[in-house]
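**Q** generate a structure from the sequence data that follows.
(one chain, ligands or ions: 1)
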Amino acid sequence: MRVAYVQMEPAFLEPDRNYSRVERLVKKARGEGAELVVLPELFDTGYNFQSRSEVEEVAGEIPDGPTTEFLVELARGEGVFIVAGTAEKDERGNLYNSAVIVGPIGWGYIGKYRKIHLFDREKLFFKPGNLGFHVFNIGIAKVGVMICFDWFFPESARTLALKGAEVIAHPSNLVMPYAPRAMPIRALENRVYTVTANRIGEERGLKFIGKSTIASPTAEVLAMGSEDREEVAVVEVDLSLARDKRINERNDIFKDRRPRYYVL
Ligand code: ACM
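**A** Purely as a prediction, here's the structure:
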């Protein structure tokens, strides 16, 4: 199957502009055969909020808000699965840094993930995710979802892989330089593909590093974005590699785990 990232610069607090930008970039990825497209974290709103009320103005319910509706329409029109980061406001007014997964006709809205490990000032506005790590079986692949800083906690990717993820979709707004180096290792130690879709640009003095990354179960970097351009990358992946946890005749990295020695 073909997986893709969309690397873009969201217009801050302007969801409508971001919808049109994403429409163009997803069409481009689809034109190159992408079946699963990953968009950045908070692609619809931008990232560097100053106040809770600023987030509240642009956050929407999932699935009944405008961003999920936009994504469902786009996925239907293009016949593609999409994982995208978005600001969520639940029915009680709680805010979450979330991601949604949507698909073509017959799928529509599939599910959501709420970021579990909040980074820095996100803690001022968002509640930590309370839905756990989840793997979505979309027929052509089993897709685990985590968001940006979750990568720093190896337990995130490990949990998704143990739950059967073959591909980890990783919407991001990276500001530290490490993830493009670390994600191939997350892919290797779990024998999965990872698709990190990062943003570019600067918001109120905060600079985002680009370098969106697709990594293979053998730690190869199959695609890496620039630091400063909007672009898509589409890569053919062989999921049988991700399903096979054997690395030689005697080692299966999941069967060889010794969880009884991993407790404190
Ligand atoms: C991040 O989690 N957006 C750094």
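**Q** spell out which parts of the chain neighbour the ligand.
**A** Applying C-beta under 6 Å from any ligand atom, one finds that the chain approaches the ligand through 41, 119, 148-149, 173-175. Where C-beta positions appear, they are placed from N, C-alpha and C, glycine not excepted.
**Q** now the two most distant members of these.
**A** By the measure C-beta to C-beta, 41 and 175 form the most distant pair in these, at 11.0 Å.
**Q** more neighbours: the two, which one.
**A** The residue with more neighbours, out of residue 41 and residue 175, is residue 41; 29 against 18, by other C-beta atoms under 10 Å.
**Q** pretty sure residue 63 contacts residue 109?
**A** Yes: using C-beta atoms under 8 Å, residue 63 is in contact with residue 109, at 4.1 Å.
**Q** just the element for the closest residue to residue 11 other than its chain neighbours, please.
**A** Leaving aside its sequence neighbours, residue 11 sits nearest to residue 17 (C-beta to C-beta, 6 or more residues apart in numbering; 4.2 Å). Using DSSP states H and E, residue 17 sits in helix 15-31.
**Q** tally of neighbours for the residue nearest to residue 11?
**A** Neighbour count for residue 17, taken as other C-beta under 10 Å: 13.
**Q** please renumber so the chain begins at 613
**A** In the new count, where the first residue is 613, that last one comes out as residue 629.
**Q** from the ligand, how far out is it?
**A** The spacing between residue 629 and the ligand, counted by C-beta to the nearest ligand atom, to the nearest Å, is 21 Å.
**Q** now the strands for the protein?
**A** Secondary structure of the chain, counting by DSSP state E: strands at 614-619, 648-650, 693-701, 707-715, 720-726, 747-749, 754-757, 779-783, 805-809, 814-815, 818-819, 825-827, 833-836, 843-848.
**Q** hey, which of those strands is tucked in deepest?
**A** Greatest average neighbour count among those goes to strand 779-783 (a mean of 31), per mean count of other C-beta atoms under 10 Å.
**Q** now do that strand against strand 720-726, angle only.
**A** Interaxial angle, strand 779-783 versus strand 720-726 (axes from the mean of the first three to the mean of the last three C-alpha atoms, to 10 degrees): 70 degrees.
**Q** coming back round to it: list the residues that contact both of residue 675 and residue 721?
**A** Shared contacts of residue 675 and residue 721 (C-beta atoms under 8 Å, 6 or more residues apart in numbering): 684, 712.
**Q** can you turn the buried part of the residues of the chain next to the ligand into a PyMOL selection?
**A** Restricted to buried positions by 16 or more other C-beta atoms under 10 Å, the PyMOL selection for the residues of the chain next to the ligand reads:
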select buried, resi 653+731+760+761+785+786+787
